[in-house]
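Make a model of this:
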Amino acid sequence: MSTAFPLRATAAARLERLPFSRYHRTLFIIVAIAFFFDSVDLATMTFVLGSIKNEFHLSTATTGLVASASFFGMVLGAAVAGLLADRFGRRPVFQWSMVLWGLASYLCSTAQSVDVLILYRVLLGVGMGMEFPIAQTLLSEFVPAASRGRLIALMDGFWPLGFITSGVVSYFVLPNFGWRSEFALLAIPAVFVLIVRRVVPESPRWLEHRGRHEEADRILAGIEAKVMRSANVSQLPAPVMLAEPAAAKGTGALREIWSLAYRRRTIMVWTLWFFALLGFYGLTSWLGALMQQAGFAVTKSVLYTVLISLGGVPGFICAAWLVERWGRKPTCIASLAGSAVMAYVYGQTALHVQTPGLLICAGLAMQFFMFSMWAVLYTYTPELYGTGARATGSGFASAVGRVGSLIGPYVVGVVLPVFGQGGVFSLGAMCFVVAAAAVWILGIETRGMALETLMSEAVEADARSALTPVRE
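Residues are numbered from 1 along each chain as shown. Model prediction:
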């Protein structure tokens, strides 16, 4: 049976009517594994920061600068990746991001001075900053609305798994071979780009948006054939017509995300990302070093940090269920509020008491909520923008968040000597409260809605605003 349709059956219509199948699971696994490898690299600094500080005899402020270096690169990478992906496609940017962070990870292992290490960490950050927003954009454009939230939330769950894996590697490698060997090992997974290149196609939604209808139709026909085979069906449901409102002619993606249709969403998501990441990375980048400062040995601090990270696994699983049952907005607010409460409790009690049981239990609860927050962030953000601006919107939201993550570790290095560990965790708690307030006041609900429907609603709201008479 032919699976070709006239152009009026849009890419969105053809993708949304597909039953969830082995093809979607395969695509999810490949993108999620790439995300996992990236997360392992990013999490490594949590475990090696104390060793780097000791080797180079760094002050707390300089140590914070080392921890922040990769986040500076992520600001650049996330912003540039979004613009490039909306102009040249999701697939090539996704692939080159993996090559870049693999190369930079190896270079970090060769650094003989702290200045050179900072430079290589910036380069590593550029690669990681490119990969994160493109992964969520790419997956969101292939998966039907009924499964989109769950799968993207589960994809983000590979971040705590990466964090745990990084801790396990550090536990065995760091005491015996040092932090340089760890960075060298983490360059190896970049060869996974060969699988990505072979299996992951370009987004048909993006191709259609760029007017490349024949390429989009060819990829769609291949997807439909694979889904029909894996689902063991001889006929697919008729596509329901879904079309995005066209962006104003000549409007660039960056201008589009600040148009009246999206301005409120952009303010909300930038505020959310900035304060959520400032709080998260300000705390987690220093977690191992803070334990060492509190009197725990290197191996104990690594072991406890790994055990605490296990709380992220039920956290992202719970969030993946709640975003589809409860909704994106309430799940986001609840995860941020829980992060604020548990960060405060951890800093005020667990680190001071130094009882391993209390330290681990409080840490598990804190990581549960913080990784729930991450799952919602990656689910929610790409749903707020149209195809022509989705990667740019996601990329700049991530870039603004990386500014927060850049500031966070350095601020901790400055705050710690003055206010102590309790002050550091109180600062993190306040950041989560501000992020929750932004979602509460400005956020919208996107659960169960096709991406094109959400875009139409934004444009209709823009039109209503334009027609509302101005009162004298």
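
sec struct for residue 58, please.
Classification of residue 58 by DSSP: H, G, I helix; E, B strand; the rest coil places it in coil.

show me the contacts for it.
52, 66, 114 (C-beta atoms under 8 Å, 6 or more residues apart in numbering). Where C-beta positions appear, they are placed from N, C-alpha and C, glycine not excepted.

what about the helix or strand hosting the second one, distance to the chain center?
With elements delineated by DSSP states H and E, residue 66 resides in helix 60-88, which encompasses its position. Average the C-alpha atoms of helix 60-88, do the same for its chain, and the two points are 13 Å apart (C-alpha atoms, centre = their mean, to the nearest Å).

Report all helices and strands that the helix or strand following that helix contacts.
Downstream of helix 60-88, the first helix or strand assigned by DSSP H and E is helix 90-108. The contact analysis (3 or more C-beta pairs under 8 Å, 6 or more residues apart in numbering; DSSP states H and E) places helix 90-108 against helix 22-56, helix 60-88, helix 114-142, helix 179-185, helix 193-199.

Would you mind extracting the C-alpha trace of the fourth one into CSV?
This file holds the C-alpha atoms of helix 179-185, laid out as CSV (Å, rounded to 0.1, in the frame of the first residue of the first chain):
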residue,chain,number,x,y,z
TRP,A,179,41.3,12.9,37.3
ARG,A,180,43.2,13.1,34.0
SER,A,181,42.5,9.4,33.2
GLU,A,182,38.8,10.0,33.9
PHE,A,183,38.6,12.8,31.3
ALA,A,184,40.4,10.6,28.8
LEU,A,185,38.0,7.7,29.3
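
How far does that helix sit from its chain's centre?
24 Å.

on that earlier part again, which of the contacts of residue 58 tops the neighbour count?
residue 66 (23 neighbours; other C-beta atoms under 10 Å).

Tell me the confidence at residue 106?
Looking at residue 106, its pLDDT reads 91.

got it, and residue 246?
So residue 246 comes in at 53 (pLDDT).

what helices or strands is the helix holding residue 66 leaning on?
helix 22-56, helix 90-108, helix 114-142, helix 253-256, helix 390-442.

what comes up buried for the third one?
The reference is to helix 114-142. By 16 or more other C-beta atoms under 10 Å, the buried positions in helix 114-142 come out as 114, 117-142.

Tell me which residues of stretch 257-272 come out buried.
Residues of stretch 257-272 classed as buried: 257, 259, 261, 262, 264, 265, 266, 268, 269, 270, 271, 272 (neighbour count, 16+ other C-beta under 10 Å).

Need those in JSON lines (columns: secondary structure).
Shown next, in JSON lines, are these (three-state DSSP):
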{"residue": "257", "secondary structure": "coil"}
{"residue": "259", "secondary structure": "coil"}
{"residue": "261", "secondary structure": "coil"}
{"residue": "262", "secondary structure": "coil"}
{"residue": "264", "secondary structure": "helix"}
{"residue": "265", "secondary structure": "helix"}
{"residue": "266", "secondary structure": "helix"}
{"residue": "268", "secondary structure": "helix"}
{"residue": "269", "secondary structure": "helix"}
{"residue": "270", "secondary structure": "helix"}
{"residue": "271", "secondary structure": "helix"}
{"residue": "272", "secondary structure": "helix"}
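
Turn those residues into a markdown table, including pLDDT and distance to residue 330.
Listed next are the buried residues of stretch 257-272 as a markdown table, based on pLDDT from 0 to 100; distance: C-beta to C-beta, whole Å:
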| residue | pLDDT | distance to residue 330 |
| --- | --- | --- |
| 257 | 84 | 24 |
| 259 | 83 | 27 |
| 261 | 80 | 24 |
| 262 | 84 | 22 |
| 264 | 91 | 18 |
| 265 | 91 | 17 |
| 266 | 93 | 21 |
| 268 | 96 | 15 |
| 269 | 95 | 16 |
| 270 | 95 | 21 |
| 271 | 96 | 18 |
| 272 | 96 | 14 |
